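J.: Could you look at this predicted model? Sequence included:
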Amino acid sequence: MPHEVLSKEQLAENVFRFTLEAPLIAEARMPGQFVIVCKDDSYSERIPLTIASASKEEGTIDLILQAVGKTTFEIADMSVGDSFDSVAGPLGKPTHIENFGSVICVGGGIGSAPLLPIATALKEAGNKVTTILGARNKQLLILEDDFAKISDEIIIVTDDGSYGRKALVTEPLKEICSRSPKPDMAVVIGPTIMMKFCSLTTKEFDVPTVVSLNTIMIDGTGMCGGCRVEVGGETKFVCVDGPEFDGHKVDFDQMIKRLNAYKPIEEKAKKDYEQHRCRIGLHK
Ligand code: FAD
Ligand code: FES
Ligand code: MG
């Protein structure tokens, strides 16, 4: 069933929010879940994207996408009125939400998009929410206003100091974990290396930490094994057992190796697509 793009908004360089027609998914989705989208059944790759928000009344879901390679650039080039051939979901286990007390939510780069529905649900459940948002620079920082609305405290850091504090997210995270009383929980979503170092930081202070893993996915149903990770010495499939896991138990080094396995092919596909884009309009 095709899913029409109803609106498209640019949030930052190469970052877009899409609103899609998807009434059945909007009805069923819970915070923490994702969809697997396919632009064109005959030639496109299937890729996972988190459901950033949804409206049951409008029958729509919002996806926030950062263009990083061939498929995400292809999607970023879609316009209002275009359709995805398929959008499968909601997939993955929903986030466990309850009143834990005080929770630190840490979002790095595009990780802020999947973090927003979780932080919102934690706030609605009565938690005190402290948010740390990090980006390489001011231009890449997204969703600050949305987080400000639902956070009791918000800290912004950039790698180059162009906005907020010049620091990595681990710096304020360590400071907040050192407070008395310490936070009851942390939720960290961002690049794998950031989730690794945030988990090492919170482990020092014994603050339970949930991470949302962004492994390579193909079918999203537990059949292909593409998304397998080691958690606490056991093999888990991120698409059906996750995407959220105990950050203190994930084997991040193995995950990083698996994520890099297809780099040369992915880089070539991106280059070929860029050349194809440059040629559009040159030949009549
Ligand atoms: P490529 O050049 O092919 O790959 C770039 C990098 O993306 C790779 O090195 C690898 O690390 C990763 N990747 C490649 N193929 C896949 C794949 N099939 N599945 C997963 N990762 C892949 N991105 C967003 O912008 N917004 C989101 O809300 C979002 N949510 C995600 C939720 C989950 C559960 C997961 C697993 C990933 C999510 N991602 C999200 C990441 C997104 O799926 C990848 O950026 C995208 O697949 C890259 O495809 P590409 O062809 O453009 O890039
Ligand atoms: Fe195939 Fe998870 S994506 S098993
Ligand atoms: Mg790809």
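T.: Yep, that arrived. Ligands and ions are numbered 1, 2, ... in the order given.
J.: buried set for stretch 235-243?
T.: 236-239, 241-243 (16 or more other Cβ atoms under 10 Å). In this view, the C-beta of every residue, glycine as well, is placed from N, C-alpha and C.
J.: Pull out the buried positions in stretch 67-81.
T.: The neighbour-count check on stretch 67-81 (16+ other Cβ under 10 Å) flags 67, 69-76, 78 as buried.
J.: Switch the residues you listed over to JSON lines; also include distance to ligand 1, secondary structure and pLDDT.
T.: Shown next, in JSON lines, are the buried residues of stretch 67-81 (distance: Cβ to the nearest ligand atom, whole Å; DSSP: H, G, I helix; E, B strand; the rest coil; pLDDT from 0 to 100):
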{"residue": "67", "distance to ligand 1": "7", "secondary structure": "coil", "pLDDT": "94"}
{"residue": "69", "distance to ligand 1": "2", "secondary structure": "coil", "pLDDT": "93"}
{"residue": "70", "distance to ligand 1": "5", "secondary structure": "helix", "pLDDT": "94"}
{"residue": "71", "distance to ligand 1": "3", "secondary structure": "helix", "pLDDT": "95"}
{"residue": "72", "distance to ligand 1": "3", "secondary structure": "helix", "pLDDT": "96"}
{"residue": "73", "distance to ligand 1": "6", "secondary structure": "helix", "pLDDT": "94"}
{"residue": "74", "distance to ligand 1": "8", "secondary structure": "helix", "pLDDT": "94"}
{"residue": "75", "distance to ligand 1": "8", "secondary structure": "helix", "pLDDT": "96"}
{"residue": "76", "distance to ligand 1": "9", "secondary structure": "helix", "pLDDT": "95"}
{"residue": "78", "distance to ligand 1": "13", "secondary structure": "coil", "pLDDT": "95"}
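J.: near ligand 3, from these?
T.: Counting by Cβ under 5 Å from the ion, 69, 71 from these sit close to ligand 3.
J.: Identify the farthest-apart pair in the buried residues of stretch 67-81.
T.: For those, the farthest-apart pair by Cβ to Cβ is 69 and 78; their separation is 15.4 Å.
J.: so residue 258 is in which element?
T.: helix 252-259 (DSSP states H and E).
J.: For that helix, which helices and strands make contact with it?
T.: Counting contacts by 3 or more Cβ pairs under 8 Å, 6 or more residues apart in numbering; DSSP states H and E, helix 252-259 packs against helix 192-204, strand 228-231.
J.: near ligand 1, which residues of the stretch 151-284 of the chain?
T.: 214-217, 243, 259, 263, 266, 270 (Cβ under 6 Å from any ligand atom).
J.: which among those residues are in contact with ligand 3?
T.: Of these, not one also sits near ligand 3 (Cβ under 5 Å from the ion).
J.: and which of those residues is nearest to residue 136?
T.: Looking across those and measuring by Cβ to Cβ, the closest to residue 136 is residue 214, at 17.2 Å.
J.: quick one, what contacts that closest one?
T.: Applying Cβ atoms under 8 Å, 6 or more residues apart in numbering to residue 214 gives the contacts 48, 192, 243.
J.: picking that back up, okay if I get the buried residues of stretch 67-81 as CSV plus distance to ligand 2?
T.: Shown next, in CSV, are the buried residues of stretch 67-81 (distance: Cβ to the nearest ligand atom, whole Å):
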residue, distance to ligand 2
67, 22
69, 17
70, 19
71, 15
72, 17
73, 22
74, 20
75, 19
76, 23
78, 23
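J.: which residues touch stretch 31-45?
T.: 22, 25, 46-51, 61, 63, 70-71, 74-75, 78, 84-95, 97, 114, 117-118, 120-121, 212, 217, 219-220, 243-244.
J.: And the buried ones among these, selectable in ChimeraX?
T.: With 16+ other Cβ under 10 Å as the criterion, this ChimeraX line picks the buried residues out of the contacts of stretch 31-45:
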select :22,25,46,47,48,49,50,51,61,63,70,71,74,75,78,84,86,87,88,89,90,91,92,95,97,114,117,118,120,121,212,217,220,243,244
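J.: tell me the SS of residue 223?
T.: coil (DSSP: H, G, I helix; E, B strand; the rest coil).
J.: Now do the contacts for it.
T.: Residue 223 touches nothing, counting by Cβ under 8 Å, 6+ apart.
J.: same question, the one 4 residues further on
T.: If a contact means Cβ under 8 Å, 6+ apart, then residue 227 has 213, 215-218, 237-239, 242 as its contacts.
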